[in-house]
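K.L.:
Output the structure for:
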Amino acid sequence: MKYTILFLVFISSLMACRKGEDSEGNEIINGKWSTGGYDIILYDASGAVVRHTVADAIKSYWAFDNLQIKFSNDINADVQTSDYKVMNMLGAKTLFIENKDITSFQNWTIAEQTSNYMIISAIIKDKTQLTYGQNQVAAKGLKTIYLSKVL
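P.N.:
I've put the predicted structure just below:
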C-alpha cells in the first residue's frame, strides 16, 4: 500500500512538471511596443556570417491586447490586425502571429522579455530573403527585432 501511494505521488509530480513545460496560449502580451531596430544575419553552409544588416530606419508599432496584435509603421499608417498566441514549449517562448503578411513570419522566438523591452527572432527560410551579393544564396538566416514598450 505504501509503495502504491509513493508511485501515485511520483506519477502525479511527473505529469504536473510536463504539463507546465508544454502549456501553450496561457501568456499574453499587453501594451504598445515600437521597434528600436532590427538585425538580419545571413550564414553560409559552414555557419560563417556572409552578411549582417542592421536597420532602424522604419519604425513599426505593435499593439497587443489579450487576443490580437495591431501592426502599423511610419510608412503605412494603415493598421493591420491579426490574432496571436504565446506558446511556451520546453522552456522556449514562441510568439505565433496568425497573419504572416503583417510581420513576414508567423513564428517568432521570444529571446528576451521584460516589462520594458522584448527581443524576438525568426528563422529566414525564403530564398528571396536569403539572397545577397551577386545572386548568392545563404544557407540560413536570422531576423531579430528589438522592441521597446511605449509608455
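
K.L.:
Is residue 127 in contact with residue 136, as I believe?
P.N.:
No: the criterion here is CB atoms under 8 Å, and residue 127 misses it with residue 136 at 11.2 Å. In this view, the C-beta of every residue, glycine as well, is placed from N, C-alpha and C.

K.L.:
pLDDT of the helix or strand encompassing residue 41, averaged?
P.N.:
Applying DSSP states H and E as the criterion places residue 41 in strand 31-43. For strand 31-43, the mean per-residue pLDDT is 94.

K.L.:
Pull out the buried residues from that strand.
P.N.:
Going by neighbour count (16 or more other CB atoms under 10 Å), the buried part of strand 31-43 is 33, 34, 35, 38, 39, 40, 41, 42, 43.

K.L.:
Pick the one among the residues you listed closest to residue 131.
P.N.:
residue 42 (8.9 Å; CB to CB).

K.L.:
Write down the beta-bridge partners of that closest one, one by one.
P.N.:
Beta bridges link residue 42 to residue 51, residue 141, judged by DSSP bridges.
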